[in-house]
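# Structure for this input, please:
(one chain, ligands or ions: 1)
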Amino acid sequence: MKRFLLCLIAAACLLAVGYPVIRTTELGSCLAYAAAGFRAIANERDSRFFGKVSEDTARCRGGEDAVRWRASPWVDWQMYRSAGDRRAKGFVSWLGPFAPDQRGLRGALLDFEYQRIELLRFNLFDNSGTYEEYFRDGRSNGKLQRQWPQFRLPADHPSYIQAGGEGSQKCSGELIRFRTLDGICNDLVNPLMGATGQPFARNVEFAETFPELGAEAIVRNRHGSRIGPLKPDPQVISRKLFTRFQSAPERCNEGRGLLGHSSKAHCDYHKAPHLNVLAAFWIQFMTHDWFSHLAEGANQPHLMAMGCTAEHATGADEPISERELKKLGCRHGDRIDTAIFAEASRPNTFKHDTREYLSRAYKTTPNNVTAWWDASQIYGYDARSRARLKRDPRDGAKLLLQTPPERSLEPMGYLPLLKPADARNLQWQGQEAAAFPDNWNVGLSFFHNVFAREHNLFVEHFRATAKRIPDDDSGLRNPAQHSQRIPYKEVTDDDLFEVARLVIAAEIAKIHTIEWTPQLLYNEPLHLAMNANWSGLLEKQPLVSAALEKVLRRLAKDGKNTQWFSAFAAGPGIFGLGNNQSDFNAGVNHFGSPFNFPEEFINAYRLHALLPDLIEYRDLAVDSHRIHAKIPLADTLRGKATAAMRQRGIANWALSLGRQRMASLTLQNHPLFLQNLEMPRLKSATGRIDALALDIIRDRERGIPRYNEFRRQYGLRQLTSFDDFIDPRLPADSAQRKEQESLIMLLREIYGQHRCDTEKVITNAQNNDDRTRINDCLGKPHGSLVDNIEDVDALVGWLAEFVRPHGFAISETQFQVFMLNASRRLFSDRFFTSSFRAEFYSHLGVNWVNDNGPDGKIKERGKPNGHEMAVSPLKSVLLRTIPEIKQELEPVINVFDPWARDRGEYYSLQWKPRPGAETDPAFSER
Ligand code: HEM
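Modelled structure (predicted):
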């Protein structure tokens, strides 16, 4: 016994001495991390997760590199194992979930979930009058769904009586069968939610919106008098921080290229190796579905100045000299129409404990399209936009597609032109007919034509089935007579048109979720996360999935701990959630706050940098590997897009946009043509605008907080100086680091520095690690000269994020915005959750969405990035709608990856031709 005791004491002593050593090993850290259990969800904003983990957790998931990274302001998961382009091989991979790779990957997924849960908890701010109640109810701890009086249909709405009129409103019957034109009745008990004209929400505290107003003391502490609607000067920002450097300016000609579209033209731009130009136009095509601040492509009639008046180069604002003006190339005569506001009166306030809160932002703006992912850019969002859409008089379920004389050999046809009455905005004349016609270009023309063809192919397939088995059950039901089956032969033209719309919208959402986004964020954690959003992590384990769905139902019902809802939903996936319930609304979740996009979401989608100036045009009939011409993007805008599409044909545009690399999202990499964009509708002195300066102006006009507070509000770490932008992993003497340092000097020149004051508290969103308040000196002594990092515009800040997770074409700040809102637009939409079922989509429609078309599930060869994969949804669509490019598409795994690139091994970003494409000149360029 004595001996045993002695041994025990000796072992305890050894452990005590050795523990600190063991703890610094990965094994020791993993044990400590496992023993500590899950971290609690924060109750207060200053104890949020911030994407930062403990030392043990970091070491367990990513070794010493991850431990060191904790000192940086950037999220930790990017340093975990397998989050990059390397993964463990050999015996360690046999360790299953305990293998280093798996620890890294699972750790990253867990981090995303913490972020999302806390975003749902702290970042929902509805602008339509529901906020006070939500706040008092404990935010997302409250009910996931509720009925809000603010979302009743008004008495002058044509469906008012049908929805219940004065009494309790509940949509039923014809109102809930299909997606409605103006977006009403997606939520059965809140008819107006997401409808055209509803105000944009916010993701940041109302008091932090519109910092230029200086309405709050804390905001004045943060910015002094240094910021304003035109301060710092937006055109100076555009010319100094956004302009692409040209090694041969005469061959670029400010983005206009050379005479006759000569292939000798050349405009330099930083290129993203793993994304093509289709990816850039895709996202513009998407944003036109989700949001628009403009009505019929215009703002208010009043014109305002756009800067090009003051510079900060010598430490104070000074007028720009004539010489400097010439050098910069900006224009102080540019004018733009002022933004449309829904509410600009002072908001009401309410008190809680000792603090006063605003019940909405200082001003609100309407979303002039439906907020739903309903393909409204194609099908319309109000009567006028619907009138632009042309139906086929020979088959009422189809969209009208014509065969222009120059494309007489293409039976699938092209969209017709807008009629003069449809093009009230004079800039739209000569364009194809589309519900959302603004900022039209050849890329938008491409996607609108593709999905119009796809719509008609679905209709044709449905008609062929109806002919074959006319009396069979189509699966469709009229909710007014739910028990009555509808055989194929009884489906009317109008109903089939609406079913096709549902299918197209779901196909688009699927392409965006599992094809575009994983290519934009090209790494394994994101591949897993995006597929989890759509079909769930447990696709192959239906029993576990079903059990999780039960948990979700309970959470939704009792309204407790609802923050866990999004985490559990990753099991079965969001798409189709609750579609086995009798209640069509059962799977919908708004997390206690009504759905609309926040104003900050628009900021995160200001992606004009993605566009090249010149399109490398190729001709399928001549040689896919040859660049035939360099066509300025500016020559494919508005009506010219339509002419170019018809003249050259959709197959050649597919090939050209599919092969060329998109531009990367970074400073000094914006297209030149957008700085000189012609705007005839404004009838201003210059007739042009700098659309990049306008990006900055609009964000300020609509009250986007500046970059550092934006990050704090979203639960990310703040920066303390411009130097924090520089990637610390780069060697001191590397060319890349030097480039970053010189850009930082420019930031300092534009935004400046000031002597700081420790007495000035500058934020309510976070505290320092020691729980003291964050002040104007950001950790430096009182009176120090500090960078005006607080004043940096959000757009400029995230473009300056040189530190990016592997394969991320966007910054981590934008990703944070997407993480919250991308899943919300699925969770909130009945047609993507509980109403994704045959009653609405038909049996054919459900299968078409699930299988990416009519031919059942088709697998890709091999295992791209280690996964068995179905032929991607957009590849399937293109194979059907543009059969001429079948051979070109054969080796393509993801349509947004440059088509002739060799994808190499695990998430490679190399720029190398695939076998057979070695002669393509694009590969001789960096
Ligand atoms: C040739 C192509 C394009 C042209 C000519 C163009 C032009 C414009 C112009 C003039 C505006 C300002 C409207 C205003 O506030 O008065 C704008 C806004 C915007 N653009 Fe583009 N753009 C193009 C491509 C893109 C692309 C590829 C994206 C990528 C997502 C994009 C995203 C946006 C967004 C998010 C807005 C703000 C919309 C709003 O306020 O509701 N644009 N664009």
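
# didn't Ile789 look like it was pressed against Asn708?
Yes: assessed by Cβ atoms under 8 Å, Ile789 is found in contact with Asn708 at 5.4 Å. C-beta: built from backbone N, CA, C; applies to glycine.

# of these two, who's got more company?
Asn708 (27 against 23; other Cβ atoms under 10 Å).

# quick one: the more buried one is in a helix?
Yes: assignment of Asn708 by DSSP: H, G, I helix; E, B strand; the rest coil places it within a helix.

# Now the residue nearest in space to the middle of the chain: which helix or strand?
Residue closest to the mean C-alpha point of the chain, counted by Cα atoms, centre = their mean, is Phe818 at 5.2 Å. Taking DSSP states H and E as the definition, Phe818 sits inside helix 812-827.

# Now do that helix: which elements does it pack against?
Applying 3 or more Cβ pairs under 8 Å, 6 or more residues apart in numbering; DSSP states H and E, one finds that helix 812-827 contacts helix 100-122, helix 524-534, helix 565-569, helix 599-604, helix 707-713, helix 794-799.

# Flag every residue of the protein that's near the ligand.
Contact residues, the chain versus the ligand (Cβ under 6 Å from any ligand atom): 280, 283-284, 287, 291-294, 299, 439, 441, 602, 605-608, 610-611, 633, 637, 677, 691, 694, 698.

# The longest helix seen in the chain: which residues count as buried?
Criterion DSSP state H: the longest helix present in the chain is helix 442-468. Using 16 or more other Cβ atoms under 10 Å as the test for burial, helix 442-468 gives 442-459, 461-463, 465-466.

# And for Gly260, the neighbour number?
Count around Gly260 with other Cβ under 10 Å applied: 9.

# Need the pLDDT of it.
Looking at Gly260, its pLDDT reads 97.

# what about it, is that helix, strand or coil?
Quick answer, by three-state DSSP: Gly260 is helix.

# How about the contacts made by Ala917?
625, 900, 923 (Cβ atoms under 8 Å, 6 or more residues apart in numbering).

# What distance do you get for the residue nearest to His670 when sequence neighbours are not counted to Thr666?
Leaving aside its chain neighbours, His670 sits nearest to Phe242 (3.9 Å; criterion: Cβ to Cβ, 6 or more residues apart in numbering). As judged by Cβ to Cβ, to the nearest Å, Phe242 and Thr666 stand 10 Å apart.

# one step back: now the helix holding Phe818 and helix 524-534, what's the angle there?
Between the axes of helix 812-827 and helix 524-534, defined by axes from the mean of the first three to the mean of the last three Cα atoms, to 10 degrees, the angle is 20 degrees.

# Contacts for the very next helix or strand once past helix 812-827, please.
Next along the chain after helix 812-827, taking DSSP H and E as the criterion, comes helix 838-851. The contact list for helix 838-851 (Cβ under 8 Å, 6+ apart) reads 177-178, 458, 461-462, 465, 473-477, 479, 482, 491, 499, 502-503, 506-507, 510, 831, 836-837, 854, 857-858, 870.

# could you flag which of those are buried?
For the contacts of helix 838-851, buried by 16+ other Cβ under 10 Å: 177-178, 458, 461-462, 465, 474-477, 479, 491, 499, 502-503, 506-507, 510, 831, 836-837, 854.

# so where's this structure shaky on pLDDT?
1-22, 90-91, 140-145, 313-315, 537-572 (pLDDT under 70).

# And Phe242 and Thr666? Which one has more around it.
Phe242 (26 against 21).

# measure that one to Tyr381 for me?
Phe242 is 31 Å from Tyr381, by Cβ to Cβ.

# got it, and Asn847?
28 Å.

# the more surrounded of those two?
Taking neighbours as other Cβ under 10 Å, Asn847 and Tyr381 compare with Tyr381 leading, 27 against 19.

# Spatially nearest residue to the more buried one (excluding sequence neighbours)?
Using Cβ to Cβ, 6+ apart, the closest residue to Tyr381 is Val369 (4.3 Å).

# mind listing the helices for the stretch 401-550 of the chain?
442-468, 493-511, 517-520, 524-534, 542-558 (DSSP state H, counting those that start in this stretch).

# got CSV for these, with distance to Ile227 too?
Below are the helices of the stretch 401-550 of the chain laid out as CSV (distance: least, Cβ to Cβ, whole Å):
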stretch, distance to Ile227
helix 442-468, 34
helix 493-511, 38
helix 517-520, 31
helix 524-534, 34
helix 542-558, 43
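
# Highest neighbour count among the contacts of Ala917?
Ala900 (24 neighbours).

# pretty sure that one is touching Arg661, no?
No: checked against Cβ under 8 Å, the pair Ala900 and Arg661 is beyond contact range at 10.5 Å.

# joint contacts of the two?
Joint contacts of Ala900 and Arg661 (Cβ under 8 Å, 6+ apart) are Ala922.

# Give the residues shared as contacts by Ile789 and Asn708.
With Cβ under 8 Å, 6+ apart as the test, Ile789 and Asn708 both reach Leu719.

# In three-state terms, label the closest residue to Leu743 other than its chain neighbours for me.
Once flanking residues are discounted, Leu743 sits nearest to Leu667: 5.2 Å by Cβ to Cβ, 6+ apart. Look at Leu667: counting by three-state DSSP, its state is coil.

# For Leu667, give me its contacts.
Leu667 touches 241-242, 743, 796, 799-800, counting by Cβ under 8 Å, 6+ apart.

# Now do the shared contacts for Phe242 and Thr666.
Joint contacts of Phe242 and Thr666 (Cβ under 8 Å, 6+ apart) are 609, 799.

# circling back to that earlier point, surely the residue nearest to His670 and Leu665 touch.
No: when contacts are counted by Cβ under 8 Å, Phe242 is not listed as touching Leu665 (11.3 Å).

# Now for the residue nearest to His670: which residues touch it?
609, 667-670, 675, 692, 799.

# So which bits of stretch 48-58 are buried?
48-54, 56-58.

# my bad, should have said stretch 24-33
Neighbour-count burial for stretch 24-33 [16+ other Cβ under 10 Å]: 26, 28-30, 32-33.

# and which of these is nearest to the ligand?
Tyr33 (39.3 Å; Cβ to the nearest ligand atom).

# My read is that the closest one contacts Thr57, right?
Yes: using Cβ under 8 Å, Tyr33 is in contact with Thr57, at 4.7 Å.

# ok so, going back, quick check, the residue nearest to Tyr381 in a strand?
No: Val369 is assigned coil when assessed by three-state DSSP, not a strand.

# That one: neighbour count?
By other Cβ under 10 Å, neighbour count at Val369 equals 29.

# where does it fall, phi/psi-wise?
phi -130, psi 170 (degrees, to the nearest 10).
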